[in-house]
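*Asks:* Return atomic coordinates for the entry below.
(chains A, B, C and D)
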2 protein chains.
Amino acid sequence: MPNMSNDKAADASTLTPAQRHFIEELAVLLVPWGMPITAARLYGYLQLKEEPVSLDEIVAELEVSKSHVSTAARMLESYGNVRRLGERGTKRVLYVVGAHPGTPLIKQVTLLSQMSSLIARRKDAVASGKAADRLGRLADFHADLSRAMEGITTAERFQDPE
Amino acid sequence: MPNMSNDKAADASTLTPAQRHFIEELAVLLVPWGMPITAARLYGYLQLKEEPVSLDEIVAELEVSKSHVSTAARMLESYGNVRRLGERGTKRVLYVVGAHPGTPLIKQVTLLSQMSSLIARRKDAVASGKAADRLGRLADFHADLSRAMEGITTAERFQDPE
DNA sequence: TGACATATTCGGCATTTACCGAATATACAT
DNA sequence: ATGTATATTCGGTAAATGCCGAATATGTCA
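*Replies:* Here you go, the predicted model:
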């Protein structure tokens, strides 16, 4: 039975009240884009840090269980919102925010173009008259939106400088 | 005890398989934008109809309880996705899709600008160095995105003609 | 190899959410 | 006023989700 200390590590929060508040506000704004609140807080926290941080640091700052931090961090990584770094000489893992700020939103952009093409493709098979015309405008709308967002979410000027 | 017939009205679906399929696909694409699946199906269904439809018609087509249709429809209305029409001479209520296709997404656009201004306003109070610079880019990114989307979601060319 | 430090998996609890059906409210016509 | 057709409210249920802690796995050093 080696080492039961799976506890929340000694909770010495180094965050200022202003930082906590900022993280919370940011998280609330990210939730409607499909990000679970704790993952959103984690994302916000990482945005504040200049250097990669370990799971235990996150546990201490965010006051959630380590197991959950682990899964939340990997979820963020799988969406490309966050980068995971391994250190040599230890099993410890560190996280930093991804290089491009657009990643949390890219999924949504994809949806816009899917929506546009679905509608354009099927509108005449599923509707006629006024309704078909309306669907045509709906498709155009989403196509325009998709183009506009895509241009920005892929722009390199927002990317982290190396 | 007057009139217990709160049942799902005689379910004679007039929808073709193609229409059902379209509604379902569209609904799936709307869910990530924060719309509950049944409300999304209702929205898709209304997009196919040239004329306003009653709650009972919806119940028959979508095979959900009338009470739920009632609440889903009012939710859609409160977001401006759908218009509610009263007929004179009856309590019956009819629904049509709203005049502008952008409404389901407008909430999200608002979030973008909120996000941008939150970050721009607080970045120097909550971060410094590399992190502050990154936040600056994050704010710019969201500002650009917000502008781009706003231009399209408010464009009149997508609106229903009178 | 064993001991340690760390991350991850897993079962379960608690909260939220979508939905139903019965009961109730409301508007209208007679 | 009463009856009728309709919509809405409300309590409850089931499924999904977020989160925890214990158990387990994995990598590293001596």
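*Asks:* Could you pull out the strands in chain A for me?
*Replies:* Applying DSSP state E to chain A gives strands spanning A:53-54, A:82-86, A:93-97.
*Asks:* Compare those and give me the one nearest A:Pro36.
*Replies:* Nearest to A:Pro36 among these is strand A:82-86; the distance by Cβ to Cβ comes to 13.6 Å. C-beta: built from backbone N, CA, C; applies to glycine.
*Asks:* Can you give me the buried ones in the closest one?
*Replies:* Using 16 or more other Cβ atoms under 10 Å in any protein chain shown as the test for burial, strand A:82-86 gives A:Val82.
*Asks:* What angle do strand A:93-97 and that strand make with each other?
*Replies:* Here strand A:82-86 runs at an angle of 150 degrees relative to strand A:93-97 (axes from the mean of the first three to the mean of the last three Cα atoms, to 10 degrees).
*Asks:* So which residue is smack in the middle of chain A?
*Replies:* Centroid-nearest residue in chain A, with Cα atoms, centre = their mean: A:Pro104, separated by 3.6 Å.
*Asks:* So it is in contact with A:Tyr79, correct?
*Replies:* Yes: if you go by Cβ atoms under 8 Å, A:Pro104 and A:Tyr79 touch, sitting 7.1 Å apart.
*Asks:* re earlier: what's the residue nearest to the centre of chain A in contact with, if anything?
*Replies:* By Cβ atoms under 8 Å, 6 or more residues apart in numbering or on different chains, the contact list for A:Pro104 reads A:30, A:33, A:35, A:43, A:79, A:81.
*Asks:* Look through chain A and report the residue furthest from the middle.
*Replies:* A:Gly129 (41.1 Å).
*Asks:* tell me the contacts of A:Asp160?
*Replies:* A:99-100, B:134, B:137.
*Asks:* for A:Gly89, phi and psi?
*Replies:* A:Gly89 adopts backbone torsions of phi 90, psi 0, taken as degrees, to the nearest 10.
*Asks:* Helices of chain A, residue ranges please.
*Replies:* A:17-30, A:37-48, A:55-62, A:66-78, A:103-126, A:129-153 (DSSP state H).
*Asks:* Whichever residue of chain A sits closest to DNA strand C and chain B, how far apart?
*Replies:* DNA strand C sits closest to A:Ser67 of chain A, with a gap of 3.1 Å, by Cβ to the nearest atom of the strand. Using Cβ to the nearest Cβ, to the nearest Å, we find A:Ser67 at a distance of 27 Å from chain B.
*Asks:* Show me where chain A dips below the pLDDT cut-off.
*Replies:* A:1-12 (pLDDT under 70).
*Asks:* rerun at 50
*Replies:* Applying pLDDT under 50 to chain A picks out residues A:1-11.
*Asks:* And it, split by domain according to the record?
*Replies:* As recorded under automatic domain parsing, the domains making up chain A are A:17-97, A:103-158.
*Asks:* quick one: the nearest residue to A:Val109 once chain neighbours are set aside and B:Thr110, what's the gap?
*Replies:* In space, and not counting its chain neighbours, A:Val109 is closest to A:Met149: 4.6 Å by Cβ to Cβ, 6 or more residues apart in numbering or on different chains. Per Cβ to Cβ, to the nearest Å, A:Met149 is found 15 Å from B:Thr110.
*Asks:* ok, these two, which is more surrounded?
*Replies:* A:Met149 (24 against 16; other Cβ atoms under 10 Å in any protein chain shown).
*Asks:* A:Ser146 against A:Ser113, yeah?
*Replies:* Yes: assessed by Cβ under 8 Å, A:Ser146 is found in contact with A:Ser113 at 4.1 Å.
*Asks:* Counting neighbours, go ahead and name the busier of those two.
*Replies:* Neighbours per residue, other Cβ under 10 Å: of A:Ser146 and A:Ser113, the larger number sits with A:Ser146, 21 against 16.
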